[in-house]
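Chemist: Here's my sequence, what's the structure:
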Amino acid sequence: MEMPFLGSEALCEGLVANKHQLRTRFQALHPDVYLAAGRAPDLRQRTAAAWLWSRRRGVVAGLAASAVHGANYIADDVPVELIWANARPPRGIVTRRDRLTPGEWQVVFGLPVTTPARTAFDLARLIDGDQAVSRLDALGNATRFDCQEVAEITRRHSGSPGVPQVRSALDLHDPGAQSPRETWLRLLLIRAGFPKPRTQIPIYDDFGQRRYALDMGWDDVMVAVEYDGDHHRERMHFRRDIVRSEFIAYRGWTHIRVVAGNRPADIINRVRRAWSASVHSDREIS
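Modeler: All right, here's what the predicted structure looks like:
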C-alpha cells in the first residue's frame, strides 16, 4: 500500500490477514497508522498519516498544508500541523486548538486542509522574520493567494498569537520569487535602500514573443539581478545561460548574477554601480 492506512480498518475489511502480518509487513507511523515497510515516508504520506491518526477529524495546517497546495522547498521531515483539540500528539505531529471559521478550509486530494489564504495567515504569524516571507513567497508562487483575503482573516482572528507580524510579512511577500534564495536576495536589496524590485520581468524578442523572464529588477534603470543556483553550473544549462545573457544584454539590460558565496556587501555594491551607471547614461543621452 503506497499510502498510510488504519490497521484496525484494514483488519476489519480483510485487507490484511492478521495482526502478525500487520506488524511484520508494515511499519507503524503512529498508533494504529501503518505504511508499507522498506522506505522512509515522504511529507505527503506523513500528512495523510497524521490526519488518519486524528481519526479523520483534524484539519491539515501550516507547512504541511502549504505543501498540499503545491508550495516547494518544504522538507519531508517538517512537523505536520493539525488543527485539532488533542494535547498529546505523537512525535512528528503538532496540534493546535485554533478556531476555523467557514470558508477557511477545503478538501484537497482527499485531505481537509486550510485554504491558501488561511495557510498564509498561519505561516505569517507563526514563523519568524524572513523565513515567514520565504514561506509566503513559496505558497504565493504556487497558489497566488489573495492578500486581501488574508487581511480579512487577520481581522477575524485579531486575538490569535503572532497577528501583529502578519502585515509586515505580507508587505514583503512577492509571489514572483521562485526559490528561498531569490527571496533572500530581494530582501537584501530592499533593506539596502533600493526600491522594491519587480519580479519575473518578461523579455520579448523582435517579434513580440516572450522569450525569457528576469528574476527581479527595475525597468526604469534596466538593471536586473538574478540568483544562480548550482544547476546553472551544469554543462547544458551553462550553454543556455550564455545565449540568454547575450540576449538580455542585447535588450539593453545590465544583468547582475549572484551565486552562493557572494558577500552581501559586494552584491549591494555591484547593484549600486550598475544603477549609478544607468542613471548617468540616461542623463548624457538627454
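
Chemist: Using the three-state scheme, assign the nearest residue to residue 26 once chain neighbours are set aside.
Modeler: Using CB to CB, 6 or more residues apart in numbering and skipping the chain neighbours, the partner closest in space to residue 26 is residue 34 (4.1 Å). All C-beta atoms are positioned from the backbone trio N, CA, C, and that covers glycine. Secondary structure of residue 34, reduced to three states by DSSP: H, G, I helix; E, B strand; the rest coil: strand.

Chemist: What are the buried residues along the longest strand along the chain?
Modeler: Assignment by DSSP state E gives strand 210-218 as the longest strand of the chain. Neighbour-count burial for strand 210-218, with 16 or more other CB atoms under 10 Å as criterion, is recorded at 214, 215, 216, 217, 218.

Chemist: coming back round to it: how much space between the residue nearest to residue 26 and residue 8?
Modeler: 10 Å (CB to CB, to the nearest Å).

Chemist: Going by how many neighbours each has, rank these two and give me the top one.
Modeler: Shown here are residue 34 and residue 8; by other CB atoms under 10 Å, residue 34 has more neighbours (23 against 12).

Chemist: so where do the strands sit in the stretch 1-150 of the chain?
Modeler: Under the criterion DSSP state E, counting those that start in this stretch, the stretch 1-150 of the chain contains strands at 5-6, 26-30, 33-36, 59-61, 80-83, 93-96, 105-108, 111-114.

Chemist: Tabulate those (CSV), appending distance to residue 140 and mean pLDDT.
Modeler: Shown next, in CSV, are those (distance: least, CB to CB, whole Å; pLDDT from 0 to 100):
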stretch, distance to residue 140, mean pLDDT
strand 5-6, 34, 97
strand 26-30, 31, 96
strand 33-36, 32, 96
strand 59-61, 17, 98
strand 80-83, 19, 98
strand 93-96, 22, 97
strand 105-108, 17, 98
strand 111-114, 15, 98
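
Chemist: In a markdown table, list those along with distance to residue 173.
Modeler: Shown next, in a markdown table, are those (distance: least, CB to CB, whole Å):
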| stretch | distance to residue 173 |
| --- | --- |
| strand 5-6 | 38 |
| strand 26-30 | 34 |
| strand 33-36 | 35 |
| strand 59-61 | 19 |
| strand 80-83 | 20 |
| strand 93-96 | 22 |
| strand 105-108 | 21 |
| strand 111-114 | 17 |
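
Chemist: mind checking how far the longest helix seen in the chain is from the chain centre?
Modeler: Across the chain, the longest stretch assigned as helix under DSSP state H is helix 264-285. Computed by CA atoms, centre = their mean, to the nearest Å, the chain-centroid distance of helix 264-285 equals 31 Å.

Chemist: Check stretch 150-160 too.
Modeler: Taking mean C-alpha positions (CA atoms, centre = their mean), stretch 150-160 and its chain are 21 Å apart.

Chemist: Now for the residue lying closest to residue 278 once chain neighbours are set aside: which residues touch it?
Modeler: Distances taken as CB to CB, 6+ apart put residue 221 closest to residue 278, at 4.1 Å, once the chain neighbours are dropped. By CB atoms under 8 Å, 6 or more residues apart in numbering, the contact list for residue 221 reads 274, 275, 278, 279, 282.

Chemist: Helix, strand, or coil at residue 221?
Modeler: Secondary structure, three-state DSSP: residue 221 is coil.

Chemist: you'd agree residue 256 is up against residue 271?
Modeler: Yes: assessed by CB atoms under 8 Å, residue 256 is found in contact with residue 271 at 6.0 Å.

Chemist: All set, thanks.
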